[in-house]
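Peer 1: sequence first, predicted model second:
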Amino acid sequence: MEAEAAKFIGAGIACFGMAGAALGVANIFGNFLTGALRNPSAAPSQFGNLIFGFAVTEALGIFSFLIALILLFVA
Amino acid sequence: MAGTDPIHQFVITDLFPLFSVGGDGTEGSGTHFAFTNSALFMVIIVVAISVFLLTSTSGKKLVPTRAQLASELLYEFVAGMVRSSAGTAGMKFFPLVFSLFTFIFLANMIGLVPYFFTVTSHIIVTFALSMVVILTVVIYGFLKNGPKFLMLFVPAGVPGYILPIVTPIEFISFLSRPISLSVRLFGNILAGHITLKVFTGFAVMLIAGLGAFGWAAAILPVLMAIALTGLELLVGAVQAYVFAVLTCMYLNDAIHPSH
């Protein structure tokens, strides 16, 4: 198999990593909604934690996207 | 069609050359330093922040004007973030955190204007910012705590027999901090701008290829680009906030190295 073809296949496989990141982000927001509907007065104080947790989880999906980009455009 | 490929927007162009170091005297050898479009936008960002803060607070009114109120709200937002993560001892790092937050926020916002260059879409820029943070953490941690800074890798309350496993894991996760800090910001901004360029490229290709029907059909990618720009505004703000919050947490590790 030529290197070019292998790079494209690798970039496609790297995108599977985003499935885990998507599940993680959905987890964060789902748990926040569950907690906020049980205790609405405590919800605004945790909004900062929500955004921070979302960004840190989404970063892992971005890492897998970065691998795909490296395979396509750098290596 | 040239120019609609999504990578072309990230090319760094030299606006005017400055000087070269090294090399052997022949034309084009050595390392060339030039004032690039990236440097131009960094200058624009710093000048914009400085002008806004200086002119809005120059009146020093007790009952603030609108601009002074905006500066004070910005100050309180970042100060509250620093105090809640790093405590009152962390306020000595407030200028660093404030500068990082406002620079990254404005860099992400300015990059969304068409034809403007996004400074944080290059890994070297975000890596430089994150290395500033990590080197500050390490150097200040050793200066203030001496060798006890290494107790960072020994969490409190861990039984002795697990320590040989936990300590290398903690060390490696500390080493991953500069990488994750820089790649998070870089990847979010890069991905957003590439997606935006791809959708606007669709509109261009529809108009060029299909004529009158293309003009009608191009509404759809343009609507998607509008929605994506809104999302990119949100992502730019969130990434600036997350960079600043993580900086505060890492500084807290330097000030109080026991978990």
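Peer 2: On my side now, so go ahead.
Peer 1: switch to C-alpha atoms for all contacts and neighbour counts from now on
Peer 2: Will do.
Peer 1: what's the closest non-adjacent residue to residue 36?
Peer 2: This is for chain A. The spatial neighbour of A:A36 that comes closest, neighbours along the chain excluded (C-alpha to C-alpha, 6 or more residues apart in numbering or on different chains), is A:A43 at 5.0 Å.
Peer 1: chain B, not that one
Peer 2: B:T36 sits nearest to B:D14 (C-alpha to C-alpha, 6+ apart), 4.3 Å away.
Peer 1: how far away is the one you found from B:I44?
Peer 2: B:D14 is 16 Å from B:I44, where distance means C-alpha to C-alpha, to the nearest Å.
Peer 1: do A:G20 as well
Peer 2: According to C-alpha to C-alpha, A:G20 and B:I44 sit 39 Å apart.
Peer 1: check B:I134 too.
Peer 2: 26 Å.
Peer 1: which of these two has more neighbours?
Peer 2: Legend: neighbour count by other C-alpha atoms under 10 Å in any protein chain shown for B:I134 and B:I44, higher for B:I134 (21 against 15).
Peer 1: give the next helix or strand downstream of the helix or strand encompassing the more buried one.
Peer 2: In the assignment (DSSP states H and E), B:I134 maps to helix B:123-145. Scanning forward in sequence from helix B:123-145 by DSSP H and E, the next helix or strand is helix B:163-217.
Peer 1: and that following helix, what's its mean pLDDT?
Peer 2: Averaged over helix B:163-217, pLDDT sits at 90.
Peer 1: does it reach chain A?
Peer 2: Yes. Using C-alpha under 8 Å from any C-alpha of the partner chain, we find that helix B:163-217 touches chain A at B:S180, B:V183, B:R184, B:G187, B:N188.
Peer 1: my guess is B:L163 contacts B:V154. True?
Peer 2: Yes. Counting by C-alpha atoms under 8 Å, B:L163 touches B:V154, with 7.3 Å between them.
Peer 1: so which of these two has more stuff around it?
Peer 2: Ranked by neighbour count (other C-alpha under 10 Å), B:L163 and B:V154 place B:V154 first, with 18 against 14.
Peer 1: can you give me phi and psi for that one?
Peer 2: B:V154 adopts backbone torsions of phi -120, psi 90, taken as degrees, to the nearest 10.
Peer 1: next one, pLDDT for it please.
Peer 2: pLDDT, read off for B:V154, is 84.
Peer 1: get me the contact residues on chain B for chain A.
Peer 2: Residues of chain B found near chain A (C-alpha under 8 Å from any C-alpha) are B:S180, B:V183, B:R184, B:G187, B:N188, B:V238, B:Q239, B:V242, B:V245.
Peer 1: can you tell me how far the residue in chain A positioned nearest to chain B sits from A:A22?
Peer 2: Nearest residue of chain A to chain B (C-alpha to the nearest C-alpha) works out as A:A59 at 5.0 Å. Per C-alpha to C-alpha, A:A59 is found 11 Å from A:A22.
Peer 1: ok, those two, which is more surrounded?
Peer 2: For A:A59 and A:A22, the more surrounded residue by other C-alpha under 10 Å is A:A59, and the numbers stand at 23 against 14.
Peer 1: what helix or strand does that one sit in?
Peer 2: In this structure, A:A59 sits in helix A:47-69 according to DSSP H and E.
Peer 1: ok, residues contacting that helix?
Peer 2: In this structure, residues lying in contact with helix A:47-69 by C-alpha atoms under 8 Å, 6 or more residues apart in numbering or on different chains are A:10-12, A:14-15, A:17-22, A:24-25, A:28-29, A:32, B:180, B:183-184, B:187-188, B:238-239, B:242, B:245.
Peer 1: re the thing from before, show me what the helix holding B:I134 is packed up against.
Peer 2: With contacts defined as 3 or more C-alpha pairs under 8 Å, 6 or more residues apart in numbering or on different chains; DSSP states H and E, helix B:123-145 has these neighbours: helix B:163-217, helix B:219-255.
Peer 1: middle-most residue in chain B, spatially?
Peer 2: The centre of chain B sits closest to B:I104, judged by C-alpha atoms, centre = their mean, with a distance of 4.0 Å.
Peer 1: one step back: ok, residues contacting the helix holding B:I134?
Peer 2: Contact with helix B:123-145 is made by B:100, B:119-120, B:148-149, B:177-179, B:181-183, B:185-186, B:247, B:250-251, B:253-255, B:257, as judged by C-alpha under 8 Å, 6+ apart.
Peer 1: what's the answer for stretch B:14-32, then?
Peer 2: Identification of contacts with stretch B:14-32 by C-alpha under 8 Å, 6+ apart yields B:F33, B:A34, B:F35, B:T36, B:N37.
Peer 1: and for B:V137, the neighbour number?
Peer 2: When neighbours are defined as other C-alpha under 10 Å, B:V137 has 21 of them.
Peer 1: next one: B:M224 from chain A, what distance?
Peer 2: 21 Å (C-alpha to the nearest C-alpha, to the nearest Å).
Peer 1: isn't that residue right next to B:G201, touching?
Peer 2: No. Counting by C-alpha under 8 Å, B:M224 does not reach B:G201; the two are 11.7 Å apart.
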